[in-house]
Every structure is written in structure tokens, then in C-alpha cells.
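Generate coordinates for the sequence data below:
(one chain, ligands or ions: 1)
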Amino acid sequence: MKVLVDGEIVARSVVKVDMEDRGYQFGDGVYEVINIYDGVPFTLDEHIERLYRSAKEIGMSILFESDHLKQDIRKLIKENNMKKGGLYLQVTRGVAPRTHQYQKDISSKLIAYPLPYKEMAETRSSGVTAITEQDLRWLRCDIKSLNLLYNIMIKQKSYEQGAFEAILIRDGLVTEGTSSNVFIIKDGTIYTHPATNLILNGITRQKLLEVFLENGWTCKEQPFTTKELMEADEVFVTSTTSEVVPVISIDGKSINNGIPGSLTRKIQQAFSNTVKKETSSAVL
Ligand code: PMP
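Purely as a prediction, here's the structure:
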């Protein structure tokens with residue numbers, strides 16, 4: 001495997017992390033996961049834009065211009081002969097003696113590499129189960145930070161219970177999943193939490209909002225309660241690598257009699273069409 005390290009593409013075997021890298025010690029950094037379809041990075045501009053936004057929000061500068069970084073990513077995809085799957089990209093604040101505070105002049109460290117491909121077709125077609133959990137994360141969930149400790153704790157809990165995802169609840173309202181955005185459908189209207197500091201504004205989420213408009217499906221970006229979640233006609237979660245995944249049971253209670261809903265199916269199809277359209281017209 002080839003890895004992009006600070007603008008250079010090198011073999012996996014030579015990549016080393018310094019023990020004083022602030023990403024390693026503090027989780028002081030930001031990241032993205034971009035999906036590759038047929039060798040083309042989907043919504044690359046949006047992911048790179050969010051990466052720079054996250055970096056800016058934590059007061060960190062990325063050493064490369066975004067156009068340069070996009071070129072490097074395209075090169076990395078080619079050098080790995082990547083046809084599909086996720087591409088992981090992270091930037092840490094850099095290497096410095098371990099103190100919480102830092103000097104502004106340290107150089108951030110960037111790495112990117114292909115993630116192992118996970119086949120999701122079966123999951124998307126049959127739907128998944130989820131649990132609910134309290135959202136006890138910090139109040140800057142809009143930053144795609146390397147600090148994923150609470151997300152990990154709760155994802156592990158759902159995994160150990162055989163569930164695909166844990167849906168997080170803050171003050172009685174559904175925010176998002178541990179690694180996904182959450183949507184419900186009630187009486188033909190789609191609802192999802194607004195893009196505030198309480199959620200990560202998923203790129204899949206943003207793309208879907210466009211898809212809803214194109215198809216004339218009403219979507220309200222407004223918070224909904226746990227009760228509304230449990231009584232929804234259909235529920236689905238979205239993320240870059242899993243796309244649109246129907247949720248057919250939550251905390252042991254069936255949603256839509258335990259089968260993926262018909263509008264969810266249409267949304268999945270419409271999203272796939274958008275991916276095909278955008279990746280086939282992309283100029284590499
Ligand atoms: N929320 C959280 C907390 C996530 O980790 C993710 C996955 N990165 C998402 C939402 C979905 O975002 P995206 O569609 O950009 O992958």
C-alpha cells in the first residue's frame with residue numbers, strides 16, 4: 001500500500017508516527033473519509049472544504065493549498081490502483097514537546113491512505129438494527145475531530161449488542177449516530193437534525209438534501225424526539241462509506257414491521273444515481 005505523507009507518496013512500511021505527534025498524544029487533529037467509486041473520489045471538493053473548515057475551527061493550518069491536496073489525493077488513488085472503498089485523510093497539529101498549549105509555528109502532519117473495502121450491499125438491502133444512547137459528547141460535534149472517544153465507546157456498545165449503530169439523544173432530541181446522520185420519515189415528510197454544533201454536517205447528508213429537492217421529497221431540517229424516532233414510518237442512517245442504510249429495529253422495537261421502507265428504497269436508488277452521474281462525469 002502507498003501512503004500520502006506530507007505531500008510525498010511512500011510505501012506503508014516506511015511510515016512512522018513520532019511519539020510526540022499531538023494527534024497521537026491528544027487527538028489534536030482533524031480527518032475525512034472520502035469514498036472512491038470506479039477510481040473517482042466522490043464529493044472530493046466538499047470533503048476537502050470540510051477538512052479545511054475543521055482545521056480552521058481548531059486554529060490549525062494545513063501546509064498545502066486545497067488544489068494541491070486534491071491533486072495529491074488523485075495521485076494516491078492512481079498509485080494504489082484504487083477502484084472502490086474509502087480513502088482516509090488526517091491532519092494533526094504536528095510534533096512538539098508534550099504540553100497542552102502549543103507554539104503556533106509547528107508544522108501540521110498530513111497522511112492519507114486507502115481503507116480496506118467493506119461490502120455493504122447486503123446491509124443496505126436488508127437494513128440494520130440500532131440502539132439509542134445518551135449523547136454525552138462535547139458541544140462542537142460540527143468539527144470532524146480525531147477525538148472520537150465517546151463515539152467509539154458507544155459504537156463498541158452497539159457492536160457488542162449486535163447492532164449496526166447507536167443513535168444519540170441529547171435533551172430528548174435525536175442528534176445523529178456515532179458515525180452517521182439520522183433521518184426519519186413520517187407521513188411522507190423526511191426529518192433530520194439541522195446542521196448545528198450538535199452534529200457533524202455529513203457530506204452524504206448534504207448530498208441527500210439536494211437529491212430530495214430534485215425529487216420533490218419534502219425534508220425538514222428540524223430536531224425530532226426519541227418518541228418520534230420510535231414511532232417513525234421509516235428510519236435510515238447515512239455516511240460516506242455506508243451511504244443510505246435502512247434501520248429496521250431500534251432498541252428491539254421494529255420500524256416499518258422490520259423491513260426497509262419504500263421511500264427509503266427510492267432514496268437509496270436516487271442517491272446511487274447521483275453517485276453514478278457525478279463520478280462518470282468527473283474529470284480526473
Ligand atoms: N456524523 C458522525 C459523527 C460521523 O462520524 C459521520 C461519518 N463521518 C457522519 C455523521 C456522516 O458524515 P459523512 O456523510 O460525511 O460521512
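
pretty sure residue 7 is touching residue 71, no?
No: counting by Cβ atoms under 8 Å, residue 7 does not reach residue 71; the two are 10.0 Å apart. C-beta coordinates here come from the backbone N, C-alpha and C atoms, glycine included.

quick one, domains of the protein?
2-115, 121-279 (automatic domain parsing).

Write out the residues of the stretch 101-250 of the chain neighbouring the ligand.
Counting by Cβ under 6 Å from any ligand atom, the stretch 101-250 of the chain comes close to the ligand at 151, 176, 179-181, 200, 202-205, 238-240.

Of these - the most surrounded one?
Using other Cβ atoms under 10 Å as the neighbour test, those are led by residue 176, with 28 neighbours.

check which helix or strand covers it.
Element membership for residue 176 (DSSP states H and E) is strand 173-177.

What are the boundaries of the strands in the stretch 151-284 of the chain?
Secondary structure of the stretch 151-284 of the chain (DSSP state E, counting those that start in this stretch): strands located at 165-170, 173-177, 181-186, 189-192, 219-221, 234-239, 243-250, 253-254.

which of the ones you listed sits most buried?
strand 234-239 (a mean of 26; mean count of other Cβ atoms under 10 Å).

can you list the domains of the chain in JSON lines and add mean pLDDT?
Output for the domains of the chain, formatted as JSON lines (pLDDT from 0 to 100):
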{"stretch": "domain 2-115", "mean pLDDT": "98"}
{"stretch": "domain 121-279", "mean pLDDT": "98"}
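
what packs against the strand holding residue 176?
Packing partners of strand 173-177 (3 or more Cβ pairs under 8 Å, 6 or more residues apart in numbering; DSSP states H and E): strand 165-170, strand 181-186, helix 226-230.

Given the second one, what are its sheet partners and their directions?
Partner strands for strand 181-186, per DSSP bridges, with pairing direction: strand 189-192 (antiparallel), strand 234-239 (antiparallel).

Which strand residues bridge residue 4?
Beta-bridge partners recorded for residue 4 (DSSP bridges): residue 9, residue 112.

ok, now which ones touch it?
Residue 4 makes contact with 72-73, 75-76, 89, 110-113, according to Cβ atoms under 8 Å, 6 or more residues apart in numbering.

before we move on, what about residue 186?
228, 231-233.

if we go to 6 Å?
Neighbouring residues of residue 186 by Cβ atoms under 6 Å, 6 or more residues apart in numbering: 232-233.
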